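J.: what follows is a predicted structure for the sequence shown.
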Amino acid sequence: MIIAKSLTKSFDDFTAVDNIDLHVKPNECFGLLGPNGAGKSTFIGMTYGTVIKTSGELSVFGYDPTRQSREIKKRLGVVTQENALDESLTVFENMMIYCSFVGVAKDQRKKQIDDLLEYMNLSHKKDAQIQSLSGGMKRRLVFVRALLGKPELLILDEPTTGLDPAVRHLLWGKVQELRKAGTTIMLTTHYMHEAEVLCDRLVIMNQGKVVAEGSPQKMIAQHTPGYVGIFQATDKLAVEKVAKSYNYHFHEDASQIYIRAPELNDLTQLHSQHQITPSQIRPANLEDVFLKLTGQELASNA
């Protein structure tokens, strides 16, 4: 579906995408993760021709985005970071305008819109002004817009940022339904749990390079196996001492201390052996992989 070989994009003396190789298979959800500035948005722009590559190879549906972006755009849908809806129009009017952009036949537009509004639980808002919708409703409407052309490839660029958990879970369910129905999906997100739930495979990018690739489970097993204990900052000295003595992985943020140990018992026995007690113990997850490989905290809006 998407194949990149030695793909590079430079802006003057800054290299945003640095000699990367990756491929997106048909009928999978593929994650593109990384801190801000890692090169994710630049890569997405190159896939549909709004950013022109500097060197290397890139094909989407077998087309070169540099020369054949129109053919590519006919077969993909994009859920952009910004909603970009016309606030002065109704839901239906917005979608009718977009149908004309993506080439939906006039006699099919109303049914296509009605079906997708029903699919995204928005039928009752068909005649509502955009400005009257909640943030979650606007986000669901952007999904409707992206699906109007019945895309083979759906690009989700941070689709659930800022949404409450209920709306986020609703959208996760819709994404999973779309993938099961045969839609190929490429997802960027700052929510590591979202990537774990949705992605069959993913890459983590940092400073323009791919630093890891595989399924979420494979990445966790390879890079951060074991269990994580979370401690209060007041226990820092004791936790750091234990981590060093047992060679456990140790890191901290502004409010908490983390150590990663091979076995669950290693953490449950810390109170009896060292008089410190984790406030939480959990299996290692994709966020631990992200922090280890990028050395950066998640974005502040994640």
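T.: Arrived safely. Residues are numbered from 1 along each chain as shown.

J.: for Leu33, give me phi and psi.
T.: Main-chain dihedrals, Leu33, degrees, to the nearest 10: phi -110, psi 160.

J.: nearest residue to it in space, please, no chain neighbours.
T.: If the residues on either side of it in the chain are set aside, Leu33 comes closest to Ile204, at 4.9 Å by C-beta to C-beta, 6 or more residues apart in numbering. C-beta coordinates here come from the backbone N, C-alpha and C atoms, glycine included.

J.: and that neighbour, how far from Gln222?
T.: Applying C-beta to C-beta, to the nearest Å, the value for Ile204 to Gln222 is 12 Å.

J.: and the closest residue to Gly149 other than its chain neighbours, how many neighbours does it have?
T.: On the basis of C-beta to C-beta, 6+ apart, the spatially nearest residue to Gly149 that is not a chain neighbour turns out to be Val102, at 3.8 Å. Number of residues near Val102 (other C-beta atoms under 10 Å) recorded here: 18.

J.: quick one, what contacts Gln81?
T.: For Gln81, the contacting residues are Asp157, Glu158, Thr161, taking C-beta atoms under 8 Å, 6 or more residues apart in numbering as the criterion.

J.: secondary structure class for it?
T.: Under the three-state scheme (DSSP: H, G, I helix; E, B strand; the rest coil), the conformation of Gln81 reads as coil.

J.: state the distance from it to Ser55.
T.: As it turns out, when the distance is counted by C-beta to C-beta, Gln81 lies 27 Å from Ser55.

J.: same question for Lys236.
T.: According to C-beta to C-beta, Lys236 stands 47 Å off from Ser55.

J.: these two - which one has more neighbours?
T.: Ranked by neighbour count (other C-beta under 10 Å), Lys236 and Ser55 place Lys236 first, with 14 against 10.

J.: that older thread, now do the contacts for the residue nearest to Leu33.
T.: The neighbours of Ile204, taking C-beta under 8 Å, 6+ apart as the test, are Leu33, Gly34, Val210, Val211, Ala212, Glu213, Met219, Val289, Phe290, Leu293, Thr294.

J.: is it correct that the third one is in contact with Val17?
T.: No - if you go by C-beta atoms under 8 Å, Val210 and Val17 don't touch, sitting 9.5 Å apart.

J.: between these two, which one's more packed in?
T.: Taking Val210 and Val17 together and counting by other C-beta under 10 Å, Val17 has the greater number of neighbours (27 against 21).

J.: okay, and the beta partners of that one?
T.: Partner residues in beta bridges with Val17: Lys9, with DSSP bridges as the criterion.

J.: list the contacts for it?
T.: The contact partners of Val17, by C-beta under 8 Å, 6+ apart, come to Leu7, Thr8, Lys9, Gly39, Thr42, Phe43, Met46, Gly208.

J.: what residue ranges in the stretch 151-300 of the chain score low on pLDDT?
T.: Per-residue confidence of the stretch 151-300 of the chain (counting by pLDDT under 70) places the weak regions at 296-300.

J.: now with 90?
T.: Counting by pLDDT under 90, the low-confidence segments of the stretch 151-300 of the chain come to 160-164, 166-168, 170, 250-255, 271, 291, 294-300.

J.: show me where the stretch 101-250 of the chain has strands.
T.: Along the stretch 101-250 of the chain, the stretches classed as strands by DSSP state E, counting those that start in this stretch are 153-157, 184-188, 201-206, 209-214, 227-232, 249-252.

J.: which ones are touching the residue nearest to Gln256 when sequence neighbours are not counted?
T.: Among residues not flanking Gln256 along the chain, Ile230 sits closest, at 5.5 Å (C-beta to C-beta, 6+ apart). Residues touching Ile230, when contacts are defined by C-beta under 8 Å, 6+ apart, comprise Gln256, Ile257, Tyr258, Pro278, Ser279, Gln280, Ile281, Arg282.

J.: the third one belongs to a strand, doesn't it?
T.: Read that as Tyr258. Yes - Tyr258 forms part of a strand when assessed by three-state DSSP.

J.: and it, how many neighbours?
T.: One way to gauge burial is a neighbour count; for Tyr258, by other C-beta under 10 Å, it gives 20.
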